[in-house]
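In: curious how this folds, go ahead:
(one chain, ligands or ions: 3)
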Amino acid sequence: MIKLTDQILTETIRKRPLDSYKGTYGKVVLIGGNHNFGGAIIMASLATVYSGAGLTTTITDASNQTSLHSWLPEAMFADINDLEQLTQLVLSVDVIVIGPGLGTDAKALTVLQLVLKLVTLKQTLVIDGSAITLIANHRLIIPQTKYTVLTPHQMEWQRISGIAIKDQHPDQNWLVAHQLGATVVLKSHQTEIYTDTKIYQNTAGTPAQATGGMGDTLAGMVGGFCAQFANQDNAVLAAVFSHSAIANQLAQCQYVILPHQISQQIPQFMAKYAN
Ligand SMILES: NC(=O)C1=CN([C@@H]2O[C@H](COP(=O)(O)OP(=O)(O)OC[C@H]3O[C@@H](n4cnc5c(N)ncnc54)[C@H](O)[C@@H]3O)[C@@H](O)[C@H]2O)[C@@H](O)CC1
Ligand SMILES: Nc1ncnc2c1ncn2[C@@H]1O[C@H](COP(=O)(O)OP(=O)(O)O)[C@@H](O)[C@H]1O
Ligand SMILES: [Mg+2]
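Out: Residues are numbered from 1 along each chain as shown. Ligands and ions are numbered 1, 2, ... in the order given. Take a look at the predicted model:
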């Protein structure tokens, strides 16, 4: 297993070319946030925008629109119940992040099935939270894409892989990640990343991160990094490491870290490593 260190940041985060505009840095849609879990998709969207994605649209329950815009006026909004608009938006982007706060009811399942049908070979798909649980519960097939990444915590990985938490060892995890055809970010106090060819272990991170919304924030960062950096494996690895390294910095003087505080630090953090 390869130890993931800050070397991945200098290998991945690039200085922005002068001759660029928002289109250069990728279009992302984030889909999730039901009536009860609006915070999840707001936190994920914050992370995407603060990571530097060029254009971000949040597709969520209409009851979340005002809170989304009070936190993040940079994000565009679309109603998750308007499936025609959702279709147009999904087809127009580089990266789709689905799952934070999506919920697991029939409406959420319909949206997920539609997105899995629409996604093309030119797009990156980030599958998190409720979307992982829905895929597991309904045995949905993960379609071919340019690149797919799953970001389960251990219980979500148990659901989708069939491997009980106590049996989640690298060999078994690796086999299932391959069968799923996706990069797997298996989140825990020592997150492991299973790419097509290698297994990495995060060396950063702190128990001050153990608070609701921390994984939603990571999913948004993964989306934002994948939108900007061509090497998708490196983008995922750099997002995972940055998320935890920022947490380590904040934990020097904070007992607990609020997920949105990670997002607020991302621009300064990336500037230190851009080359
Ligand atoms: N503010 C919000 O709106 C929030 C919404 N959330 C959303 O709520 C939905 C359900 O996700 P949850 O993860 O809360 O619920 P889940 O039911 O999917 O998973 C939680 C269960 O997994 C177990 N578990 C075992 N190992 C774990 C590990 N390493 N990390 C986390 N849990 C582990 C827990 O004990 C618990 O029984 C997701 O869509 C998520 O995005 C959560 O992110 C919390 C914050
Ligand atoms: N003790 C810990 N040490 C390091 N990282 C942790 C710890 N506890 C949680 N995390 C990190 O917090 C995130 C939790 O993700 P997840 O359970 O999906 O949260 P949520 O769904 O509430 O947003 C993961 O990135 C995980 O690695
Ligand atoms: Mg989660």
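In: and the residue of the stretch 1-150 of the chain closest to ligand 2?
Out: Nearest residue of the stretch 1-150 of the chain to ligand 2: Gly129, at 5.4 Å (C-beta to the nearest ligand atom). Heads up, the C-betas are built off the backbone N, CA and C, glycines and all.
In: tally of neighbours for that residue?
Out: 26 (other C-beta atoms under 10 Å).
In: repeat that for Ser70.
Out: Residues lying near Ser70 (other C-beta under 10 Å) number 9.
In: tell me the confidence at it?
Out: pLDDT for Ser70: 98.
In: give me the element it is part of.
Out: Here Ser70, judged by DSSP states H and E, is contained in helix 65-71.
In: hang on, the earlier thing: residues touching the residue nearest to the residue of the stretch 1-150 of the chain closest to ligand 2 when sequence neighbours are not counted, list them.
Out: Excluding the flanking residues, the one nearest Gly129 by C-beta to C-beta, 6 or more residues apart in numbering is Gly99, at 4.0 Å. Counting by C-beta atoms under 8 Å, 6 or more residues apart in numbering, Gly99 touches 31-32, 126-132, 219.
In: kindly report the same for Thr57.
Out: Contacts of Thr57 by C-beta under 8 Å, 6+ apart are 27-30, 75-78, 89, 93.
In: could you do Lys146 as well?
Out: Counting by C-beta under 8 Å, 6+ apart, Lys146 has contacts 120-124, 232.
In: quick one: the helices in the stretch 1-150 of the chain?
Out: Counting by DSSP state H, counting those that start in this stretch, the stretch 1-150 of the chain has helices at residues 7-12, 38-51, 65-71, 83-91, 106-118, 129-137.
In: does Gln261 touch Ala251 like I think?
Out: No: judged on C-beta atoms under 8 Å, Gln261 makes no contact with Ala251 at a distance of 10.6 Å.
In: between those two, which one's more packed in?
Out: Per other C-beta under 10 Å, whichever of Gln261 and Ala251 has more neighbours is Ala251, with 17 against 14.
In: before we move on, back to that, which of the helices of the stretch 1-150 of the chain sits closest to ligand 3?
Out: Of all the helices of the stretch 1-150 of the chain, helix 129-137 sits nearest to ligand 3, with 4.3 Å by C-beta to the ion.
In: which other helices and strands contact the closest one?
Out: helix 106-118, strand 147-151, helix 154-161, helix 214-228 (3 or more C-beta pairs under 8 Å, 6 or more residues apart in numbering; DSSP states H and E).
In: and with 10 Å instead?
Out: Contact here means 3 or more C-beta pairs under 10 Å, 6 or more residues apart in numbering; DSSP states H and E; on that basis helix 129-137 packs against helix 38-51, strand 95-98, helix 106-118, strand 124-128, strand 147-151, helix 154-161, helix 214-228.
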